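> Quick check, what structure comes out for this input:
(one chain, ligands or ions: 1)
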Amino acid sequence: MEENRVKKTRIVLVPVPAQGHVTPMMQLGKALHSKGFSITVVLTQYNRVSSSKDFSDFHFLTIPGSLTETDLKNLGPQNFVLKLNQICEASFKQCVGQVLHEQCNDDIACVVYDEYMYFSHAAVQEFQLPSVVFSTTSATAFVCRSVLSRVNAESLFLDMKDPETQDKVFPGLHPLRYKDLPTSAFGPLKSTLKVYSETVNTRTASAVIINSASCLESSSLAWLQQQLQVPVYPIGPLHIAASAPSNLLEEDRSCLEWLNKQKLGSVIYISLGSLALMETNDMLKMAWGLRNSNQPFLWVIRPGSIPGSEWRESLPEEFSKLVAERGYIVKWAPQMEVLRHPAVGGFWSHCGWNSTLESIGEGVPMICRPFTGDQKVNARYIETVWRIGVQLEGELDKGTLERTVKRMLVDEEGAEMRKRAIDLKEKLEASVRIGGSSCSSLDDFVNSL
Ligand SMILES: O=c1ccn([C@@H]2O[C@H](COP(=O)(O)OP(=O)(O)O[C@H]3O[C@H](CO)[C@@H](O)[C@H](O)[C@H]3O)[C@@H](O)[C@H]2O)c(=O)[nH]1
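Numbering: from 1, shown residues only. Next up is the predicted model:
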């Protein structure tokens, strides 16, 4: 593409207003900006990325009349997405019209929308704009959504409830079992499958971009390339390819000073991302297991993550005593810096795709406790495909927790997992370097515009 033409060309990004989706979309924006594109980010009224100094070259627009934080609380994430897609269609058309006619003189090269923001399709169709779907989950999760969108909801529901079936491998999705399928904790199966069929429908999009790399998921990527009617570009991990600080909550950086005082590879870092919830009972069992393991731990307890509590005030006094000696608790951590810190030896994670990529990207093995959706798929891959972690399944038990933390941080088994994680880290780094598969894929995408 000619340099002059690239500089005049604008890409419109439409992220889902949630941390796990905003982060990779802003990283994608940075990566495309570095290729010479102007970037417009269209936000909803909820979870706004500040147009801080990190994005001073970006242009931000807000879809008027969209949903708010209270709507998310009342509706839950799944109905929130469904409602957002119903109400944003017309106002998004207005926004795109504004970009085309008022705000910028240059042409829109393409609209890149998160797979969950499928209302974008109506506007791109009306203005006859090229569009691209961006998937912030793994390619394997995309495959699962495609497969599940075609199954009968009632019979899947019965199979998943049947204790005899739960541990069986789902046909065609080896090594995923029925219980690893990305069903949602946030809504009934029927409505989850409805959302999935919308997300995997590429409509008139000319391509699908995925925040993954072929060294992680070559067979799932090949499956998608064969099944979808458009090119699939695996261009990740974007957090290595393009840094774009876009935390929606304030980071507590004091934990880095605490980490400086801990022994090399001794700390377990615990974070369950931006949406998962924790029951008080489970938190107590975790605190017991962690204390009994004798390892120091850094624990992110996100405000609102304990149902019925603003922060940790509803937890019993026993909890405070258990974490007092070796624990350090924050509301939100600078996660990437934490994972990079030499004191961190393991990551207890809900296995959101960003956390998974960030952990592998720092060569840190994981204790997997998936909460919902694609996290179960990622946990299965972490344990059985990449073999860089251990999954905690079923009821939490303080004895098992204690042993798992020791397996990861003290035993030879943990050292082996770390070696494999470091091996993958090196492969991921190579994939985003010039000549690497993700770097070439990004160039192919840019050249296709
Ligand atoms: O204290 C913290 C905790 C998290 N993070 C960041 O927050 C992001 C969390 O993303 P992710 O690990 O993907 O979890 P969720 O926020 O739960 O992400 C949602 O979006 C992901 C991408 O679609 C899905 O994989 C998840 O299942 C879905 O819950 C990561 O970049 C973390 O670095 C911090 O910076 N500080």
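> Next up, the contacts around the residue nearest to A241 when sequence neighbours are not counted.
Of all residues not flanking A241 in the chain, V432 sits nearest, at 4.3 Å (C-beta to C-beta, 6 or more residues apart in numbering). C-betas here are computed from N, CA, C, even on glycine. Applying C-beta atoms under 8 Å, 6 or more residues apart in numbering to V432 gives the contacts 213, 236-237, 240-241, 438-439.
> These: which two are farthest apart?
P237 and C439 (11.7 Å; C-beta to C-beta).
> Can you list the low-confidence ranges for the protein?
Within the chain, the ranges that satisfy pLDDT under 70 run 1-8, 47-48, 50-51, 102-106.
> Can you give me the buried ones in the longest helix anywhere in it?
If you go by DSSP state H, the chain has its longest helix at helix 69-98. Across helix 69-98, burial judged by 16 or more other C-beta atoms under 10 Å covers 71-72, 75, 77-82, 84-85, 87-89, 91-93, 95-96.
> Same check on stretch 36-56?
36-44, 46-47, 49, 55.
> same check, this time on stretch 134-153
Buried-residue list, stretch 134-153, by 16+ other C-beta under 10 Å: 134-149.
> Of P237 and C439, which one has the most company?
Comparing P237 with C439 by other C-beta atoms under 10 Å, the one with more neighbours is P237, at 27 against 18.
> and the closest residue to the more buried one other than its chain neighbours, how far is that from M336?
Counting by C-beta to C-beta, 6+ apart, the nearest residue to P237 once its immediate chain neighbours are dropped is L357, at 4.2 Å. Distance of L357 to M336, given as C-beta to C-beta, to the nearest Å: 10 Å.
> any common contacting residues for these two?
The contact lists of L357 and M336 share H239, where a contact means C-beta under 8 Å, 6+ apart.
> More neighbours: which of those two?
Using other C-beta under 10 Å as the criterion, L357 and M336 rank with L357 on top: 23 against 17.
> what sits against that one?
Contacts of L357 by C-beta under 8 Å, 6+ apart are 211-212, 236-237, 239, 428.
> Same question for C110.
11-12, 129-132, 206, 449.
> do that again at 10 Å, thanks
Neighbour list for C110: 9-13, 32, 37, 124, 129-132, 205-207, 445, 448-449 [criterion: C-beta atoms under 10 Å, 6 or more residues apart in numbering].
> Helix 69-98 and the helix or strand containing it, what's the angle between them?
Using DSSP states H and E, C110 sits within strand 108-114. Going by axes from the mean of the first three to the mean of the last three C-alpha atoms, to 10 degrees, strand 108-114 is angled at 160 degrees with respect to helix 69-98.
> Tell me which strands strand 108-114 pairs with, and in which orientation.
Using DSSP bridges, the strands paired with strand 108-114 are strand 10-14 (parallel), strand 131-135 (parallel).
> elements contacting the helix or strand just after the last one?
Under the assignment DSSP H and E, the closest C-terminal helix or strand after strand 131-135 is helix 139-148. Where contact means 3 or more C-beta pairs under 10 Å, 6 or more residues apart in numbering; DSSP states H and E, helix 139-148 is packed against strand 131-135, helix 189-199, strand 207-210, helix 214-227, strand 232-234, helix 374-380.
> would you list these in a markdown table and tack on distance to the ligand?
As requested, the helices and strands packed on helix 139-148 are exported to a markdown table (distance: least, C-beta to the nearest ligand atom, whole Å):
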| stretch | distance to the ligand |
| --- | --- |
| strand 131-135 | 8 |
| helix 189-199 | 10 |
| strand 207-210 | 11 |
| helix 214-227 | 14 |
| strand 232-234 | 15 |
| helix 374-380 | 5 |
